[in-house]
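[1] Attaching a predicted model along with its sequence, questions to come.
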Amino acid sequence: MSKTAFFTENTLPVFSHLSTDSKRQLEQYFLEGNTAFRQKRMLEFFKTIDWMPLGEPCDDRPLQKLSLPLRKQLSREIEDYRNQKALSRMENAEKREQYKLRIFEYFRIKVPPADKALLESLRDYELNLTGRDVNWRHYFTLDSFKKIDAFIRASAEERQAWFAQFRKDVDTYKKNYDKIHHAQYAQDCGQPFSFDDWCDLMDDEIPRSSGQSNQKNGQSALPPKTPDNSIYQAYRTLQVELGASQALVKKQFRKLTLSYHPDLPNGSEEKMKAIIGAYEEIKRYWQLSAHAL
């Protein structure tokens, strides 16, 4: 193996930041002993450098067998590399923000008031119909000088065709909302994932032996129907009677989550959290009841 094989065959950004002396000493280390194993461990270590958050301690176990001077030298160079990356990210974020401000000012000056009102009305059209502005953002997000200029220069015929297609897509989106939503979710997850699958995940660890109520020492295990009783309030949140069967509670839970899911037009994140919290409370009650038997 040549003395430059490791750094020429692996093109991680951090390698180009290492000093010539560090590279020379590392290559010498690889030439000694079990080279393949050492290279693998060291490569795994250097790969973690680019995605670890700044300030988080590095796992430097692969460096422990190096000489102390080399280990300190590599640590300084890696820290310097990560600091430069952090600074570069900050500078790029500031540049993007400045660019956005320039675009905003250009839009404010160049776009006529009538066109601004038109864009707002189109966005309101989709928001009122679907509760989202997905298609509007696709068609009318004027986030560059070229896009703004193209919108201003568009002829009446081009705009008419543009707006007609936009409204058609919004109507299609509305009619096929559930289908599109599940397709997008499946794409994010990498595999099909139905709402029933999600409910099954929420339904784990429910003891099968518990029923509508448990009897112990001749007394009912059902909690009292008082306002300060969390179990009773959980059953009320799910709109079922205290001590209802697991099958009925699960069915009602699915019905309510389908009605109030935040992704639906009339959904409510607050109600969804309350429903899930109540269901979790009842599951814990079932588990305690099962252990008590």
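    That came in fine, so what should we check first?

[2] Looking only at residue counts, what's the top helix in this structure?
    helix 68-110 (DSSP state H).

[3] which element is the closest residue in space to residue 74 that isn't next to it in sequence on?
    Excluding the flanking residues, the one nearest residue 74 by Cβ to Cβ, 6 or more residues apart in numbering is residue 22, at 5.8 Å. In short, each C-beta sits where N, CA and C put it, glycine included. Using DSSP states H and E, residue 22 falls within helix 20-30.

[4] by contact count, what packs against that helix?
    Applying 3 or more Cβ pairs under 8 Å, 6 or more residues apart in numbering; DSSP states H and E, one finds that helix 20-30 contacts helix 5-9, helix 35-49, helix 68-110.

[5] what about the ones you listed, which gets the closest to residue 127?
    Closest of those to residue 127 is helix 68-110, at 20.0 Å (criterion: Cβ to Cβ).

[6] Compute the mean per-residue pLDDT across the closest one, please.
    Mean per-residue pLDDT for helix 68-110: 89.

[7] Show the average pLDDT along the helix holding residue 22.
    Helix 20-30 comes out at a mean pLDDT of 87.

[8] what number of residues lie near the closest residue to residue 29 other than its chain neighbours?
    Counting by Cβ to Cβ, 6+ apart, residue 66 is the residue found nearest to residue 29 once chain neighbours are left out, at 6.4 Å. The local packing of residue 66 (other Cβ atoms under 10 Å) involves 18 other residues.

[9] Could I get the contacting residues of residue 66?
    For residue 66, the contact set (Cβ atoms under 8 Å, 6 or more residues apart in numbering) comprises 25-26, 29, 74.

[10] Go through those residues and give me the one with the most neighbours.
    residue 26 (23 neighbours).

[11] What distance do you get for that residue to residue 37?
    15 Å (Cβ to Cβ, to the nearest Å).

[12] circling back to that earlier point, with respect to residue 171, which of the helices and strands packed on helix 20-30 lies nearest?
    The nearest among the helices and strands packed on helix 20-30, by Cβ to Cβ, is helix 68-110 at 27.8 Å.

[13] by how many degrees do the closest one and helix 35-49 diverge?
    Orientation check (axes from the mean of the first three to the mean of the last three Cα atoms, to 10 degrees): helix 68-110 against helix 35-49 gives 40 degrees.

[14] Helix or strand next in line after helix 68-110, which one?
    Next element after helix 68-110 (DSSP H and E): helix 113-130.

[15] I am finished for the moment; much appreciated.
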